[in-house]
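1. No sequence on hand, only this structure:
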Ligand code: DHB
Ligand code: FE
């Protein structure tokens, strides 16, 4: 059967995509940021995931105020990089996994999560920047990707608890797919950042690190953090962090930390990155 073998959390700052595309990842500004992803790039080469469920948010590239899906799943064959105003990034097309995606969509909907099903869309920096951070600049992305888009742009956005519960349902969905597949789930976005208004530039190192630490081990305290706390402590765009809770919820009761990286600043944002492994329940001998 298919299994979720790991969870990855990562910021998706668009400037990081520019750094990769323009060959600046080793310079004084970007060097320390990319150094913190080196461990993961090596680890991914060994892990060779078949499929990544990539939880991300669209930034008015595929969706706009005409349609605002709370949770959407990509069931298509492939997705093109979006044109975000400077032309599409020159990165490979993203290949989907329609069989697993449709299976997950069916399982989630019968599990009472009313997903929007997307067969055609372009994917923006929210999805392509994490791929660049984890895989560099390959000719083709080394894994298939199921995009799972979350509305964190327009209120009302989903609660942390609902995101965590969706992760739990994704775990059930993947484990009921009969084919042997190595599946990873990535939660992206964050960390603290505010891009506009009086508090533009707000960063909160202590809060971000406490949030990441809460995702390790067996507590589910992070699922209960209210929207107002993200807003107050991490700025208006810090709410992107609820997407990490979908990843964490899909890893089961307990996780082990494999890698952590935090860096301030990058553009207007704090960079956070985690690699987590689910810890299977021990079976007690009779
Ligand atoms: C920035 C961060 C984001 O999450 C985003 O979607 C756009 C811009 C930034 O820090 O510049
Ligand atoms: Fe963003």
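-> Sure thing, it's come through. It should be emphasised that the depicted structure is a prediction, and the values quoted were computed from it without experimental measurement. Ligands and ions are numbered 1, 2, ... in the order given.
2. Can you get me a residue count around residue 259?
-> A count of neighbours around residue 259, defined by other Cβ atoms under 10 Å, yields 16. Quick note: C-beta positions are derived from backbone N, CA and C, even for glycine.
3. and it, that's in a strand?
-> Yes. Counting by DSSP: H, G, I helix; E, B strand; the rest coil, residue 259 is part of a strand.
4. Quick check: beta-bridge partners of it?
-> For residue 259, the beta-bridge partners are residue 275 (DSSP bridges).
5. any idea which helix or strand carries the residue nearest to residue 215 when sequence neighbours are not counted?
-> Spatial nearest neighbour of residue 215, excluding adjacent residues (Cβ to Cβ, 6 or more residues apart in numbering): residue 248 at 4.8 Å. Following DSSP states H and E, one finds residue 248 within helix 242-249.
6. which other residues reach that helix?
-> The contact list for helix 242-249 (Cβ atoms under 8 Å, 6 or more residues apart in numbering) reads 7-9, 55-57, 148, 150, 152, 157-160, 163-168, 170-171, 185-190, 211, 215, 222-223, 230, 255, 274, 276.
7. Under the pLDDT cut-off, which ranges of the stretch 101-250 of the chain? List them.
-> Within the stretch 101-250 of the chain, no stretch has pLDDT under 70.
8. Would you map the helices across it?
-> Remark: helices assigned in the stretch 101-250 of the chain by DSSP state H, counting those that start in this stretch are 125-135, 160-175, 205-214, 227-234, 242-249.
9. helices and strands around the second one, which ones?
-> Translated: helix 160-175. Here helix 160-175 touches strand 3-10, helix 98-110, strand 182-188, helix 242-249, going by 3 or more Cβ pairs under 8 Å, 6 or more residues apart in numbering; DSSP states H and E.
10. Return the most buried member of the ones you listed.
-> Ranked by mean neighbour count under mean count of other Cβ atoms under 10 Å, the helices and strands packed on helix 160-175 are led by helix 242-249, which reaches a mean of 28.
11. so that helix versus strand 3-10, what angle?
-> Interaxial angle, helix 242-249 versus strand 3-10 (axes from the mean of the first three to the mean of the last three Cα atoms, to 10 degrees): 150 degrees.
12. Helix 242-249 vs helix 125-135, what angle?
-> Using the same axes, to 10 degrees, helix 242-249 lies at 50 degrees relative to helix 125-135.
13. quick one, helix 242-249 and helix 227-234 angle?
-> Here helix 242-249 runs at an angle of 110 degrees relative to helix 227-234 (the same axes, to 10 degrees).
14. Compute the inter-axis angle for helix 242-249 and strand 182-188.
-> Using the same axes, to 10 degrees, helix 242-249 lies at 150 degrees relative to strand 182-188.
15. picking up where we left off before, could you point out which of the helices of the stretch 101-250 of the chain sits nearest residue 91?
-> With Cβ to Cβ, the closest approach to residue 91 among the helices of the stretch 101-250 of the chain belongs to helix 125-135: 5.4 Å.
16. give the contact list for the nearest residue to residue 56 once chain neighbours are set aside.
-> Nearest in space to residue 56, with sequence neighbours left out and distances taken as Cβ to Cβ, 6+ apart, is residue 126 at 4.0 Å. By Cβ under 8 Å, 6+ apart, residue 126 lies in contact with 12, 56, 57, 58, 59, 188, 189.
17. of those residues, list those near ligand 1.
-> Restricting the contacts of residue 126 to those touching ligand 1 (Cβ under 6 Å from any ligand atom) yields 12, 59.
18. Nearest to residue 90 among the contacts of residue 126?
-> The closest of the contacts of residue 126, once distances to residue 90 are taken by Cβ to Cβ, is residue 12, at 17.7 Å.
19. Using a markdown table, lay out the helices and strands packed on helix 160-175 together with distance to residue 74.
-> Putting the helices and strands packed on helix 160-175 into a markdown table (distance: least, Cβ to Cβ, whole Å) gives the following:
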| stretch | distance to residue 74 |
| --- | --- |
| strand 3-10 | 18 |
| helix 98-110 | 6 |
| strand 182-188 | 14 |
| helix 242-249 | 15 |
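20. Of all the ones you listed, which one comes closest to residue 207?
-> helix 242-249 (13.4 Å).
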